[in-house]
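In: give me coordinates for this.
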Amino acid sequence: MDLRTFLMQSPDLSDMACAEDFASDWKRKRLDKGAHLTRQEQPETDEFVLLEGCLVSSICNQDGKEVCVGFFVGPCVITPNIARTRDGVSLVSIAATTDALLARIDSDLLSNRMISSEPIRNWANGVLRDALGRKVDREWCLAALKGAERLTWFRQAFPGYEDIFPHMLIASFLGITPVTMSRLRTSDKH
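Out: Residues are numbered from 1 along each chain as shown. Model (predicted):
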């Protein structure tokens, strides 16, 4: 999908001239499977729209253990910069699980466009609200649900993702071990 078509799916950017003008500020970026879009603890100032492909977001702790914190299947907006960086430094690594095509824009340029354009401001604020809502939903899942319920929640929140992403990443995202994930999936088949 091209960026203009993606942007025009939003009621805030349904005007073709506005969407076309906004889309012209973005630059295309290709990412090969396995490549990183961002790396934890590295400078990061861009916003991204994933047009095609699949990405995962993860955090690595001090012991080197990587925990998956997000899944992205294009076309979609990647978690906004303000929610994944501090002081211009990335809090997460984002890697491609397939070849991917993205559009990127500098965060400051997007902020300036938000100030000068109400439709762009409304679109960007909606994107941020949606991203924060997904984070809260996952926090609730991890705090309130047991393993089997977490998997049920995941299937409802992310239909089809079990067929797209490695189960090890899904287990990490749900805060369960890969062995528990395998057992839960096996018990579903009986």
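In: so what pLDDT did S187 get?
Out: Per-residue confidence (pLDDT) for S187: 82.
In: cool, H190 as well?
Out: Reported pLDDT for H190: 54.
In: what's the neighbour count on D46?
Out: 20 (other CB atoms under 10 Å). Just so you know, the C-beta spots here come from the backbone N, C-alpha and C atoms, and that holds for glycine as well.
In: nope, I94 is what I meant
Out: Neighbours of I94 (other CB under 10 Å): 26.
In: can you tell me the element it falls in?
Out: strand 93-96 (DSSP states H and E).
In: same deal with V67?
Out: strand 66-73.
In: check the offset of that strand from the chain's centre.
Out: 7 Å (CA atoms, centre = their mean, to the nearest Å).
In: helices and strands around it, which ones?
Out: strand 54-60, strand 93-96, helix 167-174 (3 or more CB pairs under 8 Å, 6 or more residues apart in numbering; DSSP states H and E).
In: for the lowest-mean-pLDDT helix or strand in the chain, which outside residues touch it?
Out: Least confident helix or strand of the chain, by mean pLDDT, DSSP states H and E, is helix 178-188 with a mean of 89. For helix 178-188, the surrounding residues in contact (CB atoms under 8 Å, 6 or more residues apart in numbering) are G147, A148, L151, E162, H167, M168, I170, A171, L174, I176.
In: now the last one, what's its secondary structure?
Out: Assigned with DSSP: H, G, I helix; E, B strand; the rest coil, I176 falls in the coil class.
In: with adjacent residues omitted, what lies nearest to it?
Out: Residue nearest to I176 in three dimensions, not counting chain neighbours: G147, with 5.0 Å by CB to CB, 6 or more residues apart in numbering.
In: residues near the one you found, how many?
Out: Around G147 there are 16 residues (other CB under 10 Å).
In: what of R39?
Out: 14.
In: also A83?
Out: 15.
In: show the pLDDT at it.
Out: 93.
In: now restrict the contacts of helix 178-188 to buried residues only.
Out: G147, L151, I170, A171, L174, I176 (16 or more other CB atoms under 10 Å).
In: need the residues you listed in TSV with pLDDT and distance to V92, can you?
Out: Output for the buried ones among the contacts of helix 178-188, formatted as TSV (pLDDT from 0 to 100; distance: CB to CB, whole Å):
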residue	pLDDT	distance to V92
G147	90	24
L151	96	23
I170	97	17
A171	96	18
L174	97	17
I176	95	20
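In: any idea how far the helix or strand where A19 lies is from the chain center?
Out: Using DSSP H and E, the element containing A19 is helix 16-23. Centroid separation between helix 16-23 and its chain, computed with CA atoms, centre = their mean, is 23 Å.
In: so which elements touch that helix?
Out: helix 3-8, helix 118-144.
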